[in-house]
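Pasting the sequence and the predicted model now:
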Amino acid sequence: MNLAIRMSKIQESMTLALSAKAKKMKREGIDVISLSAGEPDFATPDNIKNKAIEALSKNFTHYTVVSGIPELKEEIVKKFKRESGVSYTLDEVIVSTGAKQALYNAIFALIGPGNEVIIPTPYWVSYRDQVIMAEGTPVFLDTNEKDGFQFSVDDVVSKITPNTKAILLNSPNNPTGVIYDEEIIKDLIELALKHDFYIISDEIYEKISYEGINVKSIVSLNSEIKEKVVIINGFSKAYAMTGWRLGYAVGPKPIIKAMNKIQGQVTSCPNSITQWAGVEALSGPQDTVSSMRDEFEIRRNFVMERIDSIPNVSYVKPKGAFYIFLNISSYFGKRYKDYIIEDSLSMSEYLLNQVKIALVPGSAFGKEGYLRLSYATDRDTLSSALDRLEEGLSLLK
């Protein structure tokens, strides 16, 4: 079939593909444990669901303005003032069908042919492909386990060219769970101001951090950077609202206006009922956010303790999000019967087929030699999954 050339340049989302495959196997009666999806297993809090029911009963079922209802945008503005001490106006806010669409809108508003976007590795699977779809060039900034997957200012400087348009940040990070050092981010801000490039800051995991760490929005760290930053956020992770598809972005008025133009030609407004649920999420009680985060921290500690007992597997201690990025490269070259483990993809396929556990290969995140494990599921399931992981690795000789 004669598809557009761009289709040969982008990849299917590996996380969604693996999750779909695991679900298909389950429907076929196969006992699969999937730790591949970045999705909290908790129910959306009742107060949020009740607000949506109320909106439905009031027949709030029609188109809204493209950029979102004023009531939700006002709550987003209040959030930034309350938590970051930064003032935004309603025309510096756009509400989208998930944080992924907000990111897509931002990239397409800013990036075009000849523009380069610096992306620290490992990175969330969609960053690379969205830049490519916008006809930009992703420039990868490699980080490593030895340095805790942190980058330095010198690392960034080495990637800056006259074509650098933006850098994409995600902290807490998916897939590593790393939180970038605040001093590094402050230095990065100075670089952005000096070299006149934008920072697209994906802060979707901001509420999920551990050991008392308070994750600060990048816009709160330097008053001069506001006009060079687009912040991406949403409701999926903190409020267990993945299926509701509700995200947002804040940024300079001209960029938000351009994003609104793009969204108006692609999806129009976000779901009207979901937007009212978002109003309640931001304005209502926040105790469930804290309780979910506390449970994630318990699960993280449980997973680390179990992983520590498995030979030849290492990781950087996650400080946020709900992933652990496992270094399984010492198993490369080993085999089970006639099946040889050559890379992270072959390891992922082996574990799925042999012991029925779904983990995402590091190659999907631009980092070979690793598997991403999501601990956003109950502890009994995690225990069974880790039993299977240990069994699968022990069979490799």
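That came through fine. Numbering: from 1, shown residues only.

Mind checking what secondary structure the spatially most central residue of the chain has?
The centroid of the chain falls nearest to Asn174 when counting by CA atoms, centre = their mean (5.1 Å). Secondary structure for Asn174, judged by DSSP: H, G, I helix; E, B strand; the rest coil, is coil.

thinking it is in contact with Tyr205, fair?
Yes - applying CB atoms under 8 Å as the test, Asn174 and Tyr205 come out as touching, 6.8 Å apart. (Each C-beta comes from the backbone N, C-alpha and C, glycine too.)

Check the contact lists of those two and give me the overlap.
Ala321 (CB atoms under 8 Å, 6 or more residues apart in numbering).

quick one: contacts for the closest residue to Ser96 other than its chain neighbours?
Leaving out its chain neighbours, the residue that sits closest to Ser96 by CB to CB, 6 or more residues apart in numbering is Ala102, at 4.1 Å. Taking CB under 8 Å, 6+ apart as the criterion, Ala102 is in contact with Ile94, Ser96, Ile232, Asn233, Gly234, Gly247, Tyr248, Ala249, Met259.

Let me know the distance separating Ala102 from Lys228.
Distance of Ala102 to Lys228, given as CB to CB, to the nearest Å: 17 Å.

can you give me the helices in this protein?
14-27, 46-57, 70-84, 99-110, 125-133, 153-157, 182-195, 253-266, 272-283, 287-308, 344-354, 379-394 (DSSP state H).

Most tightly packed of the ones you listed?
Per residue and on average, the most neighbours among the helices of the chain fall to helix 99-110, with a mean of 24 (mean count of other CB atoms under 10 Å).

Correct me if wrong: Tyr88 contacts Lys79.
No - because the distance of 9.4 Å does not satisfy CB under 8 Å, Tyr88 is recorded as not touching Lys79.

Can you show me the CA trace of stretch 154-172 as PDB?
Output in PDB follows, covering the C-alpha atoms of stretch 154-172 (Å, rounded to 0.1, in the frame of the first residue of the first chain):
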ATOM      1  CA  ASP A 154      28.500  20.200  29.400                       C
ATOM      2  CA  ASP A 155      26.600  17.300  28.000                       C
ATOM      3  CA  VAL A 156      23.900  19.700  26.800                       C
ATOM      4  CA  VAL A 157      26.300  22.200  25.500                       C
ATOM      5  CA  SER A 158      27.900  19.500  23.300                       C
ATOM      6  CA  LYS A 159      24.500  19.000  21.600                       C
ATOM      7  CA  ILE A 160      23.600  22.600  21.000                       C
ATOM      8  CA  THR A 161      23.900  23.900  17.400                       C
ATOM      9  CA  PRO A 162      22.400  26.900  15.500                       C
ATOM     10  CA  ASN A 163      19.500  24.600  14.700                       C
ATOM     11  CA  THR A 164      18.600  23.800  18.300                       C
ATOM     12  CA  LYS A 165      15.000  24.800  18.900                       C
ATOM     13  CA  ALA A 166      14.100  23.000  22.100                       C
ATOM     14  CA  ILE A 167      15.000  20.400  24.700                       C
ATOM     15  CA  LEU A 168      12.400  17.900  26.000                       C
ATOM     16  CA  LEU A 169      12.500  17.100  29.700                       C
ATOM     17  CA  ASN A 170      10.600  14.600  31.700                       C
ATOM     18  CA  SER A 171      11.100  14.600  35.500                       C
ATOM     19  CA  PRO A 172      10.300  12.400  37.300                       C
END
